[in-house]
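Participant: Just the structure for this:
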Amino acid sequence: MMIFVIIDKKKEGNEVIVNVKDTGEGISDKILSKLFTKFATSDPTTGTGLGLYICKNIIEAHGGRIWAKNNSDENGAIFSFTLPIAKVK
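Facilitator: The predicted structure follows:
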């Protein structure tokens with residue numbers, strides 16, 4: 001599996017967007033809609049379902065957003081998040 005990280009400054013607004021794309025299996029449709037909720041996991045033997053929930057809370061606490069989707073043209077998924085760019089005085 002390969003992982004790609006792409007970071008861009010959005011043209012409108014003062015945000016940076018980070019995309020993490022992989023070539024794995026993708027996200028199961030049965031969990032995709034609840035991916036960032038507490039204890040959401042497709043297999044409880046491999047995790048607690050708290051990691052993405054914690055990521056969501058940290059990103060939102062800093063004024064950002066997070067989402068995920070399956071790649072439309074190949075295997076894998078894309079996890080994306082935004083964060084505001086801090087102003088330096």
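
Participant: residue nearest the centroid of this protein?
Facilitator: F79 (3.2 Å; C-alpha atoms, centre = their mean).

Participant: so which strand or helix has that residue?
Facilitator: Under the criterion of DSSP states H and E, F79 resides in strand 77-84.

Participant: Return the list of helices and strands in contact with the lowest-mean-pLDDT helix or strand in the chain.
Facilitator: The weakest-scoring helix or strand in the chain, judged by mean pLDDT, DSSP states H and E, is helix 29-32 (a mean of 90). Where contact means 3 or more C-beta pairs under 8 Å, 6 or more residues apart in numbering; DSSP states H and E, helix 29-32 is packed against strand 65-70. All C-beta atoms are positioned from the backbone trio N, CA, C, and that covers glycine.

Participant: CA-only coordinates of the strand it packs on in PDB, if you can.
Facilitator: Output in PDB follows, covering the C-alpha atoms of strand 65-70 (Å, rounded to 0.1, in the frame of the first residue of the first chain):
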ATOM      1  CA  ARG A  65     -13.000  20.300   9.400                       C
ATOM      2  CA  ILE A  66     -12.300  16.700   8.600                       C
ATOM      3  CA  TRP A  67     -13.900  14.200   6.200                       C
ATOM      4  CA  ALA A  68     -13.100  11.000   4.200                       C
ATOM      5  CA  LYS A  69     -14.200   9.400   1.000                       C
ATOM      6  CA  ASN A  70     -13.200   6.400  -1.100                       C
END
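
Participant: Great, nothing more from me.
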